[in-house]
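Asker: Pasting a predicted model and its sequence here:
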Amino acid sequence: MKRLIIFAFVLVMTLRLRAQDGHQLWLRTNQPLSVRVVCARHSPTLDIAEQELKKGWHGTQGASIKLIIRKDKALKDGGFRLTKNSVEATTDIGILYGVYNLLRYQRTGDETGDGISNPSYQIRVLDHWDNLNGTIERGYAGNSIFWRKTDPFVVTEKDKTLWQQYARANASIGINGAVLDNVNASPKILSDNYLNRVKSIAAILRPYGVKVYLSVNFASPISLGGLKTADPLDASVIVWWKTKIKEIYGLIPDFGGFLVKASSEGQPGPQQYGRTHADGANMLADALKPYHGVVMWRAFVYTANDDDRAKQAYNEFKPLDGKFRDNVIIQVKNGPIDFQPREPFSPLFGAMKKTSVMPELQITQEYLGHAVYLVFLSTMWEECLKSDTYQQGKGSTVARCTDGSIYPQKYTAIAGVSNIGLDTNWCGHPFAQANWYAFGRLAWNDQLTSAQIADEWLKLTFYNDVSGKFGEKDYRSDWTKNFLNPVKEIMLDSRETAVNFMMPLGLHHIMSANGHYGPGPWWAPKGVRADWTPPYFHQASASGIGFDRTTKGSNAVSQYHEPLASELNNVATCPEIYLLWFHHLPWTYKMKNGQSLWNALCYHYDKGVKEVHAFQQSWNRVKPFVDGNQFNLVQIKLGQQYDNAVLWKDACILYFQQFSKMPIPKDIAPPVHKLKDIIANEFKHRNN
Ligand code: GCV
């Protein structure tokens, strides 16, 4: 008997001390207390809610909690009300969201406020850029969790477990949709075999309230249906889509709808038939309407013409305002170019007043250091969502222009391009999980601050990391002072740091063409269209640097509403963070602090490098509080980030110095690389 007890004890301790691999995300549990759950009804979703309470209860030992579904005018769909002893909602999924929130409050120690919570956006969707062969475009965490090359149509128990874990993680932060395939879509996704696999995925995601959507290729009627055209006004094309959509709903009755990248970056679209984006989107919308499906139609369009690329989406879509069906939602990237480390908000936000518009954010770090850099993207998204468009007077923020507060949109929605793959820790970098988390939290509540989100995520993810120390007296205050506060500071500073060492003062799109990782301001091979090359964007010459988008230049400023347009147009009032986005200025231009533009640029690069170094030192100090595996992984990645930051600094300073011909300030560390070596090595290692 004694041996049995010792064995059981050792087993429990071993399990408790098992190294963290990050797979549990922010849902790590630690010895729940007992709870009694009372619920008059049963459904797969309610059963999950009950199990979650039992698995994760950290409230009063032995408490009793009621799950109540009833009409409540204060609650929107999915919303919930928490009282001392109950979770109330109008729907099953509202109960599940309420349960996850209650459990989160228990674990973070945060207050529940008045207990009512409603989502800011109705549709909170992850866009997976997953290809049907299992690879992921701009994915840095392994292959797709949905598709694979070998045995593509076999659904294994392992698949189902992973999809269930994925759905649970999403539900825990309120994400309620998943677009399962790349926007550069293969027509094959609409073939029988793939649709049957989608059906299997949908069945696992359904109890967690996650609907499936598909990206579709506009030319599918030709490539899959054998038609001669994909013209959206052609009767046979309309019938083809109607039939296909009927088939989809026969398999998946709660299918969400389509995401479409059309007439963009080589993808087929209505324009090749002389039709507009509205013609294309409306044709699909009409076919989806009887089933309550939506079309998320992307505004990421630009062509190789002389017009400033930053202006093109607005020029294309603004004239179509009011011409879209009410189940079309125009999906707009946060900035006018392409998910750069810093962009002003897209002028389409707030400008389309009679059309549903949804922000598209990029969770995967295509332009922000892949799964190598520690960059907490929440501050970038918060900056965008809280930007004032002035479209309906002061306070018309991007958030309010898209969440239904200002315009009566039939649907409100927000999308995040997923950073999830088959890696054990889902996202490649332990801190990249915070970006998935932050997207979900902001989609639920677009008024949250990044500080709060970081605080929650750190508590949920790391608090019980070092099990041996967990029960110690004063552990909580020790942990807060020595882990939570310094790591939160790293997270909150991390995006500005990346901007500093990559593209400060409004510079943009000067990254390497090799996977968009590392610097490449020189890259402009013959024959490549100009608006894909960095010199098009930075415009560096002996006379200065920056893209003139003022009224004297491309006039992109005029796409913004007053007083913002004038503020941006005037170099004296344009915020310095956007200076070179909107202005071409001489190297000697005097900044607000008296420095020359050239010196300011050098100091920003240097500051970014120093900040990454400070992150490293700060991280080294938190070692006692972090699981060894996770600690080492982050330490290694910060080392790689530091090296790359130095490369960015050296490359950009040396490259731009060729034009400025000015000396590098003496009080910054001189470059350790030679420009010619950096350029020669640029494509040596392939970054996907
Ligand atoms: C899915 C950028 C990316 C592409 C991406 C495209 C888009 O250009 O580099 O990989 O394609 O944006 O958003 O459609």
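Answerer: It's in.

Asker: switch to C-alpha atoms for all contacts and neighbour counts from now on
Answerer: Will do.

Asker: In which helix or strand does the closest residue to residue 670 other than its chain neighbours reside?
Answerer: Leaving aside its sequence neighbours, residue 670 sits nearest to residue 664 (CA to CA, 6 or more residues apart in numbering; 7.6 Å). If you go by DSSP states H and E, residue 664 is not part of any helix or strand.

Asker: residues touching residue 664, list them.
Answerer: 599, 602, 653, 670 (CA atoms under 8 Å, 6 or more residues apart in numbering).

Asker: Look up how far residue 602 lies from the third one.
Answerer: Same thing as residue 653. According to CA to CA, to the nearest Å, residue 653 and residue 602 sit 6 Å apart.

Asker: residues in contact with whatever residue of the stretch 351-500 of the chain ends up closest to the ligand?
Answerer: Among the residues of the stretch 351-500 of the chain, residue 366 lies closest to the ligand, at 7.3 Å counting by CA to the nearest ligand atom. The contact partners of residue 366, by CA under 8 Å, 6+ apart, come to 138-139, 515-517.

Asker: what about 6 Å?
Answerer: residue 138 (CA atoms under 6 Å, 6 or more residues apart in numbering).

Asker: Look up how far residue 137 lies from it.
Answerer: 9 Å.

Asker: returning to what we had before: closest one to residue 231 out of the contacts of residue 664, please.
Answerer: Comparing the contacts of residue 664 against residue 231 with CA to CA places residue 653 closest, at 49.9 Å.

Asker: The closest one should be in a helix, yeah?
Answerer: Yes: counting by DSSP: H, G, I helix; E, B strand; the rest coil, one finds residue 653 located in a helix.

Asker: burial count for it?
Answerer: 23 (other CA atoms under 10 Å).

Asker: Give me the phi and psi for the residue nearest to residue 670.
Answerer: phi -70, psi 130 (degrees, to the nearest 10).

Asker: Could you measure from it over to the ligand?
Answerer: As for residue 664, its distance to the ligand is 33 Å (criterion: CA to the nearest ligand atom, to the nearest Å).

Asker: what sits against residue 62?
Answerer: With the criterion set at CA under 6 Å, 6+ apart, residue 62 makes contact with 34-35.

Asker: let's go with 7 Å and repeat that
Answerer: Contacts for residue 62 (CA atoms under 7 Å, 6 or more residues apart in numbering) come out as 34-36.

Asker: Could you measure from it over to the ligand?
Answerer: 50 Å.

Asker: what's the answer for residue 654, then?
Answerer: Distance from residue 654 to the ligand, by CA to the nearest ligand atom: 26 Å.

Asker: out of everything not next to it in sequence, what's closest to the residue of the stretch 451-600 of the chain found nearest the ligand?
Answerer: At 7.8 Å from the ligand, residue 516 is the closest residue in the stretch 451-600 of the chain, using CA to the nearest ligand atom. In this structure, residue 516 finds its nearest non-sequential neighbour in residue 367, 5.8 Å apart by CA to CA, 6+ apart.

Asker: One more: residue 517?
Answerer: Nearest to residue 517 is residue 369, by CA to CA, 6+ apart, at 5.9 Å.

Asker: low-confidence ranges in the chain?
Answerer: 1-18, 467-471 (pLDDT under 70).

Asker: Would you mind listing what in it touches the ligand?
Answerer: Proximity of the chain to the ligand, by CA under 6 Å from any ligand atom, involves residues 137-138, 183-184.

Asker: Going along the chain, name the strands of this protein.
Answerer: 35-39, 63-69, 80-82, 86-89, 116-117, 123-127, 177-179, 211-215, 257-260, 294-298, 328-333, 356-362, 413-417 (DSSP state E).

Asker: In TSV, list the ones you listed along with distance to residue 498.
Answerer: Converted to TSV, the strands of the chain look like this (distance: least, CA to CA, whole Å):
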stretch	distance to residue 498
strand 35-39	45
strand 63-69	45
strand 80-82	38
strand 86-89	41
strand 116-117	34
strand 123-127	24
strand 177-179	29
strand 211-215	31
strand 257-260	31
strand 294-298	27
strand 328-333	20
strand 356-362	16
strand 413-417	20
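
Asker: I'd like those as CSV, with distance to residue 349 and mean neighbour count appended.
Answerer: Below are those laid out as CSV (distance: least, CA to CA, whole Å; neighbours: other CA atoms under 10 Å):
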stretch, distance to residue 349, mean neighbour count
strand 35-39, 43, 16
strand 63-69, 36, 18
strand 80-82, 29, 25
strand 86-89, 32, 25
strand 116-117, 25, 20
strand 123-127, 17, 27
strand 177-179, 22, 25
strand 211-215, 23, 26
strand 257-260, 19, 27
strand 294-298, 13, 26
strand 328-333, 8, 26
strand 356-362, 7, 27
strand 413-417, 12, 25
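
Asker: From residue 100, how far off is the nearest residue to residue 70 once chain neighbours are set aside?
Answerer: Among residues not flanking residue 70 along the chain, residue 90 sits closest, at 5.1 Å (CA to CA, 6+ apart). Residue 90 sits 16 Å away from residue 100, going by CA to CA.

Asker: got it, and residue 434?
Answerer: From residue 434 over to residue 100 (counting by CA to CA), the distance is 17 Å.

Asker: Neighbour count for the two, which is higher?
Answerer: Taking neighbours as other CA under 10 Å, residue 434 and residue 100 compare with residue 434 leading, 27 against 22.

Asker: Near the residue nearest to the more buried one when sequence neighbours are not counted, how many other residues are there?
Answerer: Counting by CA to CA, 6+ apart, residue 434 lies nearest to residue 457, which is 6.4 Å off, once chain neighbours are set aside. As a burial measure, residue 457 scores 24 neighbours (other CA under 10 Å).
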